[in-house]
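Trainee: Coordinates for the following, if possible.
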Amino acid sequence: SVRERSQNLVTVTRGLTPVACSGDQIRECRRIIRKNGGGVVSLPDGVTLEVTKDFVWLTRDTGKAEPFSFDITLPREGESVKYSCAEGGFDLFFSRNPQEPPEMDENIYKLSINTAVRFDTIYGRVFVRGRVAGDSLSLGGTHRRLKKMICDRGIPESRRDRLPVICDGEGVLLVPGLPVRGPAYARAEDISEKRVPYVLYCLNKDF
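Mentor: You can find the predicted model right below:
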């Protein structure tokens, strides 16, 4: 039923004001929520309802995503740093103090993903950029295309060009919501021995 499927989905909004919908639009919204494959419905005032495998997204069109790219200086042990990206509508927190997570105001974020990475598997320059054609992630000795992984994860099209792709000298290190590059996966012993920086991705409520 619609109710049962809705209980298993995460609903994400962009701080929308009420939108007047027609009966046909409401029925179409119910139909795609019920449908396992999901779908997209265009609503008044530039609002879109997008249903994927794990999410229901209610968003207002903010235009085409602008390109972004910036360098990251990893924190030293016990420190935390924050990087904001207006083009992608997100903040990234990098922390090397697992006992005290990065400070964040949860009232301005609608989604957060925390990832642990082995520090000794990060090489050379660390930087963040948007996804580009041909991007792949090394997992278990094989390279998997980011495009397919993002589609399989059910990340809406409206977010795909705004996702941060975190890279180092070896290539793609991680993308929030996807697995970490094979050797960088943090095990329990890595965390206990404080060899792990944490990466916290926070999506702003305006996006």
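Trainee: what's downstream of the host helix or strand of Ser112, the next helix or strand?
Mentor: According to DSSP states H and E, Ser112 maps onto strand 109-116. Using DSSP H and E, the helix or strand that follows strand 109-116 in sequence is strand 126-129.
Trainee: any low-confidence regions in this structure?
Mentor: With pLDDT under 70 as the threshold, the chain has low-confidence stretches at 1-18, 36-37, 53-54, 59-64, 98-107, 191-195, 205-207.
Trainee: how about 90 then?
Mentor: Counting by pLDDT under 90, the chain contains low-confidence residues at 1-66, 74-81, 89, 94-121, 140-141, 150-162, 177, 182-207.
Trainee: Which stretches in it count as helices?
Mentor: 2-7, 23-34, 146-153, 157-160, 188-192 (DSSP state H).
Trainee: Looking at those helices, which one is packed in the most?
Mentor: Looking across those with neighbours counted as mean count of other C-beta atoms under 10 Å, the highest average goes to helix 157-160: a mean of 17. Just so you know, the C-beta spots here come from the backbone N, C-alpha and C atoms, and that holds for glycine as well.
Trainee: Not counting its neighbours along the chain, what's nearest Asp71?
Mentor: In space, Asp71 comes closest to Phe127 once its chain neighbours are excluded; the distance is 4.8 Å by C-beta to C-beta, 6 or more residues apart in numbering.
Trainee: residue contacts, that neighbour?
Mentor: Neighbour list for Phe127: Ser69, Phe70, Asp71, Ile72, Ile166, Cys167, Asp168 [criterion: C-beta atoms under 8 Å, 6 or more residues apart in numbering].
Trainee: returning to what we had before: tabulate the helices of the chain (a markdown table), appending distance to Gly78.
Mentor: As requested, the helices of the chain are exported to a markdown table (distance: least, C-beta to C-beta, whole Å):
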| stretch | distance to Gly78 |
| --- | --- |
| helix 2-7 | 41 |
| helix 23-34 | 46 |
| helix 146-153 | 32 |
| helix 157-160 | 33 |
| helix 188-192 | 15 |
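Trainee: quick one on the thing from earlier: listing partners with orientation, what would you give for the strand holding Ser112?
Mentor: Sheet pairing of strand 109-116 (DSSP bridges) gives strand 198-204 (antiparallel).
Trainee: What separation do you get for the closest residue to Leu146 other than its chain neighbours and Cys151?
Mentor: Nearest in space to Leu146, with sequence neighbours left out and distances taken as C-beta to C-beta, 6+ apart, is Asp135 at 4.1 Å. Using C-beta to C-beta, to the nearest Å, Asp135 is found at 13 Å from Cys151.
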